[in-house]
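1. quick one, what's the 3D model for this:
(one chain, ligands or ions: 1)
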Amino acid sequence: MFQHGKQVQEKKVNCGKCDVLILRATFDKTGGFCMPCFMELNNGLRPTELDALKEKGLFEYFNRWNIFVKNGVPKIKRNLSVIDKLNHYLPVINASISGYLRFGKGSFDGHKNSELLVELKVSSEGELLEFLSEVERFNNELMNVTKK
Ligand SMILES: [Zn+2]
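-> Below you'll find the model as predicted:
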């Protein structure tokens, strides 16, 4: 390449996934990847965020929640009032949990989530009720872990 001579001193290495040239420092921080690849492989987390989660013992929760979100809400029969509530409440609950796990400082306040979930459960049944109960369990666990 034309600029080869200039780059010799910088000691760049290849990303283990996409092959782009990256700084040695980045390589060390990410375990061998460029930042976009690292984040893609880690649900959008940067290395520092990942370390922080692990340090707080919340990494497992982060993974579980992501799987949960990926699987999505079970299909439900047309019950407009429930669907309307779900559309309003679930993003709030998700933002609260994802937001805490990703950027979290201080304590996690799951009480608001609990209230919303209780309200949703009242008008739900079957698979949806199971789904909501699972969200509730997760929310309770997260409240317990973050109480200390
Ligand atoms: Zn890459």
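
2. tell me how far the ends of stretch 12-22 are from each other?
-> End-to-end distance of stretch 12-22 (Cα to Cα, to the nearest Å): 5 Å.

3. now do the strands in this structure.
-> Per DSSP state E, the chain carries strands over the ranges 12-14, 21-23.

4. nearest to the ion, of those?
-> Of all the strands of the chain, strand 21-23 sits nearest to the ion, with 7.3 Å by Cβ to the ion. Placement of C-beta: from N, CA and C, glycine included.

5. tell me which residues are up against the closest one.
-> For strand 21-23, contacts defined as Cβ atoms under 8 Å, 6 or more residues apart in numbering pick out 10, 11, 12, 13, 14, 15, 33, 34, 35.

6. what subset of the residues you listed is buried?
-> With neighbours counted using 16 or more other Cβ atoms under 10 Å, these contain these buried positions: 15, 33, 34.

7. so the last one versus the ion, what's the distance?
-> From residue 34 across to the ion, the span is 3 Å (Cβ to the ion, to the nearest Å).

8. what sits against the nearest residue to that residue once chain neighbours are set aside?
-> Counting by Cβ to Cβ, 6 or more residues apart in numbering, residue 15 is the residue found nearest to residue 34 once chain neighbours are left out, at 3.9 Å. Applying Cβ under 8 Å, 6+ apart, we find residue 15 in contact with 21, 22, 27, 32, 33, 34, 37.

9. before we move on, what about residue 108?
-> Residue 108 is in contact with 96, 97, 100, 142, 143, 146, counting by Cβ under 8 Å, 6+ apart.

10. now, which of these lie within helices?
-> Mapping those onto helices (DSSP state H) picks out 96, 97, 100, 142, 143.

11. ok, of these, which one's closest to residue 132?
-> Residue 132 has its nearest neighbour among the ones in helices among the contacts of residue 108 in residue 97, at 13.8 Å by Cβ to Cβ.
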